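Engineer: okay, sequence plus prediction incoming.
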Amino acid sequence: IAIAKKNEIIWLQGFGYADLENKVPVKINTKFRIGSISKTLTAMAVGKLLDSKQLKLSDDLYKYVNYFPKKNYEITIAEIASHTSGIRDYDYDKNEYLNFKNYSSIQESVAVFQNDPLLLEPGTNYKYATYNYTLLSAVIENASSQNFIDYMQENVLKPLQLFNTTPDYFYNIIDNRVRFYEKYQRIVINSPGIDNSNKWAGGGYLSTSLDLVKMCQSLLKNDFITADAK
C-alpha cells in the first residue's frame, strides 16, 4: 500500500508473501502485475506525442500503421484510445488472454486480430478491448520512430522515475517480481506461466504501489503532460 497526500508519501508498507513456498515477504519494491493499468502508462506516452506535435487524436490510424488492413470505415487515434474503434477483444477459446506464445514485435501481435471485422462502426459505441492498446502501441512506434518498449522507458518511465516499473518479460529474471497464484476449489495454487508480449501496452507491465502513486501525482500536477494535450 502506498498513500500520498499532496506531494508527500505518508504511508508505504508491504503485506503478506511475494512467494508463498519460500515465505518471501512483500516489500515496498515488490513488483506485481498491474494488468490494465498498463493502459494508463500507454496513454501517457500518447500524451507526450500529442504535446510534441508528433501525433493528433484526429489522425487516421492508417497514417501510422500501414500494415493494418483497411476496414469499411476510417479509424482515428481517439477511437482506438477510447475503446470506440470496434476492434475486438481477446478470443478466450483460443487462449489469447492466457497467452503462451512469445511475440517478437508489435506487428506480429497486431496480426492476431487485424483481419477480423470490426464489431461496430467506429465512434458509434463503446466496446472495451485490450487489443485497441496493442494497436495504439503500433501507432506510438511509428509516430516516434522508436520501439514501443524503448519509447516507454525513455519518455515515460525514466522521466517519472518509475524505477520499479518494467515489462513482465516471461523468460527474464526480474528482481523482486512476485510469484503468481490463483484459487482453485478454495485452495491456493500456482498460476500458469503466461507470456504478455501480445499486450505490453494494454496489460503487460509490472509495477509497485509507490510507482503508481508517483504516476498519479504527476497526472494531478500536470507537470508531465500538459492539461490541454489534444
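Structural biologist: Cool, got the structure.
Engineer: isn't residue 177 right up against residue 27?
Structural biologist: No. Taking C-beta atoms under 8 Å as the definition, residue 177 is not a contact partner of residue 27, at 11.9 Å. C-betas here are computed from N, CA, C, even on glycine.
Engineer: the more surrounded of the two?
Structural biologist: residue 177 (18 against 11; other C-beta atoms under 10 Å).
Engineer: tell me where the chain has helices.
Structural biologist: For the chain, applying DSSP state H gives helices covering 38-51, 77-81, 106-110, 131-144, 148-152, 200-203, 209-221.
Engineer: may I see the ones you listed organised as TSV, with mean pLDDT and distance to residue 32 added?
Structural biologist: As requested, these are exported to TSV (pLDDT from 0 to 100; distance: least, C-beta to C-beta, whole Å):
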stretch	mean pLDDT	distance to residue 32
helix 38-51	97	12
helix 77-81	98	25
helix 106-110	97	23
helix 131-144	98	19
helix 148-152	98	18
helix 200-203	98	13
helix 209-221	93	8
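Engineer: save those helices as CSV, and put in mean neighbour count and distance to residue 159 too.
Structural biologist: Formatted as CSV, the helices of the chain follow (neighbours: other C-beta atoms under 10 Å; distance: least, C-beta to C-beta, whole Å):
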stretch, mean neighbour count, distance to residue 159
helix 38-51, 21, 9
helix 77-81, 22, 21
helix 106-110, 20, 22
helix 131-144, 25, 14
helix 148-152, 20, 11
helix 200-203, 26, 18
helix 209-221, 17, 9
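Engineer: redo these as TSV? Include distance to residue 11.
Structural biologist: What follows is the helices of the chain, written out as TSV (distance: least, C-beta to C-beta, whole Å):
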stretch	distance to residue 11
helix 38-51	22
helix 77-81	33
helix 106-110	38
helix 131-144	31
helix 148-152	28
helix 200-203	27
helix 209-221	10
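Engineer: residue 158 is nearest to which of the ones you listed?
Structural biologist: Closest approach to residue 158 among the helices of the chain (C-beta to C-beta): helix 148-152, 9.2 Å.
Engineer: what's in contact with that closest one?
Structural biologist: 41, 42, 45, 106, 137, 138, 140, 141, 144, 167, 200, 201 (C-beta atoms under 8 Å, 6 or more residues apart in numbering).
Engineer: give me that answer again for 6 Å
Structural biologist: 45, 106, 137, 140, 141, 144, 167 (C-beta atoms under 6 Å, 6 or more residues apart in numbering).
Engineer: between which two of these is the distance greatest?
Structural biologist: The widest separation within the contacts of helix 148-152 (C-beta to C-beta) is 16.9 Å, between 144 and 167.
Engineer: what is the neighbour count of residue 183?
Structural biologist: 8.
Engineer: name the nearest residue to it, sequence neighbours excluded.
Structural biologist: With C-beta to C-beta, 6 or more residues apart in numbering as the criterion, residue 183 has its nearest non-adjacent residue at 7.4 Å, and that residue is residue 189.
Engineer: just give the nearest non-adjacent residue to residue 137, would you?
Structural biologist: That would be residue 201: by C-beta to C-beta, 6+ apart, it lies 3.6 Å from residue 137.
Engineer: what's the distance between that neighbour and residue 29?
Structural biologist: 24 Å (C-beta to C-beta, to the nearest Å).
Engineer: what of residue 19?
Structural biologist: 14 Å.
Engineer: how about residues contacting stretch 112-122?
Structural biologist: 68, 69, 71, 73, 75, 79, 85, 86, 88, 127, 131.
Engineer: only alpha carbons, please: show stretch 21-29 as PDB.
Structural biologist: In PDB, the C-alpha atoms belonging to stretch 21-29 read as follows (Å, rounded to 0.1, in the frame of the first residue of the first chain):
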ATOM      1  CA  GLU A  21       6.600 -21.500  -0.900                       C
ATOM      2  CA  ASN A  22       9.800 -19.700   0.300                       C
ATOM      3  CA  LYS A  23       8.000 -17.300   2.600                       C
ATOM      4  CA  VAL A  24       9.400 -14.200   0.900                       C
ATOM      5  CA  PRO A  25       7.700 -11.200   2.300                       C
ATOM      6  CA  VAL A  26       6.200  -8.400   0.200                       C
ATOM      7  CA  LYS A  27       8.400  -5.300   0.400                       C
ATOM      8  CA  ILE A  28       7.900  -1.800  -0.900                       C
ATOM      9  CA  ASN A  29       9.800  -2.600  -4.100                       C
END
